[in-house]
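**Q** Starting from these lines, generate the structure:
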Amino acid sequence: VVHNTIWVTGHFHLTAATSVVLTFFGISYWLVPHLTGRKLTKTMNKLAIIQAWVWFIGMVFMSGAMHIQGLLGGPRRSSFSTYGDSKQALEW
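**A** Numbering: from 1, shown residues only. Take a look at the predicted model:
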């Protein structure tokens with residue numbers, strides 16, 4: 001029953017997407033400077049930490065809401081939206 005709720009989407013974002021984003025952060029802030037022989041300044045290092053925290057807080061809200069809504073029975077996909085009365089969506 002849970003598999004057809006938005007809980008699955010929230011769980012995916014916590015597991016697979018988190019691994020991809022953290023790997024991207026690591027490549028951006030460690031590997032690229034390491035390969036180019038450059039060093040992050042204190043300001044850029046602080047900005048990187050702020051970016052990671054902003055991303056983390058966003059994930060807590062987004063995936064947390066998806067988990068809660070999924071446990072309450074929110075559907076994973078919905079066929080009743082007109083997407084703002086989009087012409088293409090109305091044709092579907």
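
**Q** From now on I want contacts and neighbour counts done on CA atoms only, so please keep to that.
**A** Fine.

**Q** Pull the number of nearby residues for residue 52.
**A** The local packing count at residue 52 equals 15, with neighbours defined by other CA atoms under 10 Å.

**Q** so which strand or helix has it?
**A** helix 42-71 (DSSP states H and E).

**Q** Could you list every helix and strand that that helix packs against?
**A** helix 7-12 (3 or more CA pairs under 8 Å, 6 or more residues apart in numbering; DSSP states H and E).

**Q** Which helix or strand lies directly C-terminal to the helix it packs on?
**A** Sequence order places helix 18-26 as the next helix or strand after helix 7-12, per DSSP H and E.

**Q** Show the average pLDDT along that next one.
**A** Here the mean pLDDT over helix 18-26 is 90, rounded to a whole number.

**Q** Format the CA atom coordinates belonging to that helix as PDB.
**A** Only the C-alpha atoms of helix 18-26 are listed here, as PDB (Å, rounded to 0.1, in the frame of the first residue of the first chain):
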ATOM      1  CA  THR A  18      21.300  12.400  -1.200                       C
ATOM      2  CA  SER A  19      24.200  10.100  -2.300                       C
ATOM      3  CA  VAL A  20      24.400  11.900  -5.700                       C
ATOM      4  CA  VAL A  21      24.300  15.400  -4.200                       C
ATOM      5  CA  LEU A  22      26.800  14.700  -1.500                       C
ATOM      6  CA  THR A  23      29.100  13.200  -4.100                       C
ATOM      7  CA  PHE A  24      28.700  16.300  -6.300                       C
ATOM      8  CA  PHE A  25      29.500  18.500  -3.400                       C
ATOM      9  CA  GLY A  26      32.600  16.500  -2.700                       C
END
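
**Q** How about residues contacting the helix or strand just after that helix?
**A** Next in sequence after helix 18-26, counting helices and strands by DSSP H and E, comes helix 32-36. In this structure, residues lying in contact with helix 32-36 by CA atoms under 8 Å, 6 or more residues apart in numbering are 39-40.
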